[in-house]
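K.L.:
Show me the folded form of this:
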Amino acid sequence: MIKTKKQIYIFLIILALVSMLLGGCSMSSNNYVGREDSYADRAPRKLGRGMTNIFSAPLEIVNQPVNLAAESNEPAEQAAGYLGGIFVGLAYGTGRMVSGMYDIVTSPFGGPSAPTMDPDLISSDFVEKVDNRDATYQDVSGFDE
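P.N.:
Below is the predicted model of the structure:
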């Protein structure tokens with residue numbers, strides 16, 4: 001694979017450039033250059049969003065089961081959320097990958113700049129779902145609070 005110091009340096013430089021591109025072009029910020037009126041200013045954001053969606057698509061397979069299981073307090077419903085969430089995650093991951101490829105292909109040609117996925121980048125609302133659940137947990141530890 002990597003055999004010489006020169007190959008290692010080239011690999012590290014490419015890794016650093018890709019990291020900067022993914023980190024800079026995919027930021028969700030109101031003051032980012034991708035929020036400008038000109039499409040030429042929005043194209044780097046669209047390219048970065050597409051690359052981020054392609055690389056983060058497999059994470060949906062893990063993200064969706066956790067999100068679905070967090071919607072309920074009942075163990076049986078949580079288990080169903082984990083099991084069903086795998087299939088939902090596969091569907092979301094496929095959609096995110098297709099959306100990413102579409103964003104990359106259309107970024108230099110002036111296609112629509114609006115995101116094709118909602119949310120446009122992978123996110124988890126696990127904490128909000130857990131906070132919104134009913135406080136019906138049973139204390140099975142035997143310790144008093």
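K.L.:
Show me what the longest helix anywhere in the chain packs onto, helices and strands only.
P.N.:
With residue count as the measure and DSSP state H as the assignment, the chain has helix 75-106 as its longest helix. Packed against helix 75-106 by the contact rule (3 or more C-beta pairs under 8 Å, 6 or more residues apart in numbering; DSSP states H and E) you find helix 39-56, helix 60-69. From N, CA and C alone the C-beta is placed, and that goes for glycine too.
K.L.:
what helices or strands is the first one leaning on?
P.N.:
To tie it back to what came earlier, the one meant is helix 39-56. Helices and strands in packing contact with helix 39-56 are listed as helix 5-25, helix 75-106; criterion 3+ C-beta pairs under 8 Å, 6+ apart.
K.L.:
between these, which one is nearest to F55?
P.N.:
When the helices and strands packed on helix 39-56 are compared for distance to F55 using C-beta to C-beta, the nearest one is helix 5-25, at 7.0 Å.
K.L.:
contact partners of that closest one?
P.N.:
Residues external to helix 5-25 that are found in contact with it (C-beta atoms under 8 Å, 6 or more residues apart in numbering): 2, 34, 44-45, 47-49, 51-52, 55.
K.L.:
Touching, G85 and S72? I think so.
P.N.:
No: with contact defined as C-beta atoms under 8 Å, G85 does not count as touching S72 (11.8 Å).
K.L.:
More neighbours: these two, which one.
P.N.:
Neighbours were tallied for G85 and for S72 using other C-beta atoms under 10 Å; the higher tally belongs to G85 (24 against 16).
K.L.:
what sits against that one?
P.N.:
Taking C-beta under 8 Å, 6+ apart as the contact definition, G85 lies against 64-69.
K.L.:
distance of it from A16?
P.N.:
35 Å (C-beta to C-beta, to the nearest Å).
K.L.:
now do I10
P.N.:
Distance of I10 to A16, given as C-beta to C-beta: 11 Å.
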